[in-house]
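> only the shape, not the letters, is given here:
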Ligand code: HEM
């Protein structure tokens, strides 16, 4: 990947317009209306898939199992978030007086949701392996700290442990899913491989501990580097999703040759909807590169806002992800003054858009006089 892929894409858009090629076979789309049209796929021009259910062998199938997993995951996580909201203040107090980000965000979100991911009393082996996946694969830049050989060996251990767990759950189905491993096991048909279910479970783990953790990191980074008083948590989180959408590229495969603006998209091409560019479209946003959470007071710009995708494959976890992030941002910004120190303001760019590394110092806000 280029050293500044976002800068490169911004320049290409400026020079070539809203639809452009970057490398041979890759067509980028930054026009909001066209982006939504592609993701909605009403005319069936694209193959029906989302990045979430992409697995090594192609696409997790059938679609009915995808839909059921999305639905059941949403219900389970929402219930967990509602039932355990009173545990958030204790997690937040562990961040003071200082913490290292974005890792701290991934770790507290994981800790909060762990029982919903792997159960309240997982075996020692399962707990150890999933804790290590977070440390070795979810945290930004973690993968690069290990050799190819070490990654390969670890992947084999992960597959073994998750497959054994999923096989045990398929053998004794739960009346009601207690965690996301039950959710994926329940969606299996007789022909589904345990290894495919393990990959879908990993997508859930990356969405929860990775994406939600990064969103929390971006929100606090932006508040801590702004001169303004913290705005309403919901506006902060929405503005963080606009400026730095964690899911910033959604790839689609054309079913047939067709015209996209001036370009011809062929079945061998990948059409890439870029939420990062859509969210900075100057025709839809005033001062698109500025952190202005109060813009959300008027609810403006929704037509150029796709942080959770759009259409049939839009994120089923969007509601719970924003609910928990807003709760954490609210707890932190109301109890502490935030001080951010960062060696660089460059995001960490990979499949997800993660915040730069930063140190967050939290100074308690003193209670008003007389209290
Ligand atoms: C800040 C957190 C999150 C972000 C930014 C995010 C973003 C997205 C995006 C952009 C898509 C569409 C991908 C595409 O069209 O190719 C998506 C799909 C999906 N997300 Fe999320 N997600 C987040 C958290 C979650 C959580 C916590 C879950 C729960 C497990 C979840 C479950 C799903 C599922 C199941 C899909 C696939 C929907 C389908 O294909 O039917 N996401 N997500």
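Yep, it's here. Note that the coordinates shown come from a computational prediction; the quantities given were computed from them, not determined experimentally.

> CA only for contacts and neighbour counts going forward, please
Fine.

> does residue 321 lie in a helix or a strand, and which?
Taking DSSP states H and E as the criterion, residue 321 maps to helix 318-335.

> residues in contact with that helix?
Identification of contacts with helix 318-335 by Cα atoms under 8 Å, 6 or more residues apart in numbering yields 74, 77-78, 81, 88-89, 92, 208, 212, 215-216, 219-220, 230, 232-234, 237, 308, 364-365.

> the ligand contacts on the chain?
Residues of the chain found near the ligand, taking Cα under 6 Å from any ligand atom as the criterion, are 50-52, 67, 70, 73-74, 204, 207-208, 211-212, 215, 246-247, 250, 307-309, 313-318, 321.

> change it to 5 Å
Among all residues of the chain, those adjacent to the ligand (criterion: Cα under 5 Å from any ligand atom) are 50-52, 70, 204, 207-208, 211-212, 250, 308-309, 313-317.

> buried subset of the contacts of helix 318-335, written for ChimeraX?
Selection of buried members from these for ChimeraX, criterion 16 or more other Cα atoms under 10 Å:
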select :74,77,78,81,88,208,212,215,216,219,220,230,232,233,234,237,308
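
> residues contacting the residue nearest the centre of the chain?
Centroid-nearest residue in the chain: residue 211, 2.7 Å away (criterion: Cα atoms, centre = their mean). Listed by Cα under 8 Å, 6+ apart, the contact set of residue 211 reads 246-247, 352.

> looking at these, spot the one nearest residue 20.
Set against residue 20, the nearest of these by Cα to Cα is residue 247 (19.8 Å).

> helix or strand for the closest residue to the ligand within the stretch 1-150 of the chain, which one?
Closest contact between the stretch 1-150 of the chain and the ligand, by Cα to the nearest ligand atom, is at residue 50 (3.4 Å). Secondary structure from DSSP H and E places residue 50 outside every helix and strand.

> my guess is it contacts residue 311. True?
No: the pair residue 50 and residue 311 fails to qualify as a contact (Cα atoms under 8 Å) at a distance of 10.5 Å.

> mind listing what's buried along stretch 159-170?
Of the residues in stretch 159-170, those scored as buried under the neighbour-count criterion (16+ other Cα under 10 Å) are 159, 161-167, 169-170.

> right, I mislabeled it, should have said stretch 281-295
Per 16+ other Cα under 10 Å, stretch 281-295 contains these buried residues: 281, 284-285, 288, 291-293, 295.

> hmm, back to that, buried subset of the contacts of residue 211?
Applying 16+ other Cα under 10 Å to the contacts of residue 211, the neighbour count classes 246-247, 352 as buried.

> which one of these is nearest to residue 155?
residue 352 (19.9 Å).

> who's in contact with the closest one?
Contacts for residue 352 (Cα under 8 Å, 6+ apart) come out as 211, 246-248.

> same thing with residue 278?
Contact analysis of residue 278 by Cα under 8 Å, 6+ apart lists 30-32, 35, 304-306.

> format the residues you listed as a markdown table; extra columns: pLDDT.
Conversion of the contacts of residue 278 to a markdown table gives the following (pLDDT from 0 to 100):
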| residue | pLDDT |
| --- | --- |
| 30 | 97 |
| 31 | 97 |
| 32 | 97 |
| 35 | 98 |
| 304 | 97 |
| 305 | 97 |
| 306 | 98 |
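
> which among those residues count as buried?
Neighbour-count burial within the contacts of residue 278 applies to 30-32, 35, 304-306; the criterion is 16+ other Cα under 10 Å.

> okay, and which of those residues map to helices?
When the buried ones among the contacts of residue 278 are checked against helices using DSSP state H, the ones located there are 32, 35.

> now, the contacts of residue 352 that are in strands?
Members of the contacts of residue 352 lying in strands (criterion: DSSP state E): none.

> so residue 360 belongs to a strand, correct?
Yes: checked against DSSP: H, G, I helix; E, B strand; the rest coil, residue 360 lies within a strand.

> ranges for the helices of this protein?
Read by DSSP H, the chain holds these helices, from start to end of the chain: 5-16, 32-40, 63-83, 88-93, 103-118, 124-133, 148-171, 180-186, 194-205, 213-224, 233-243, 275-278, 318-335.
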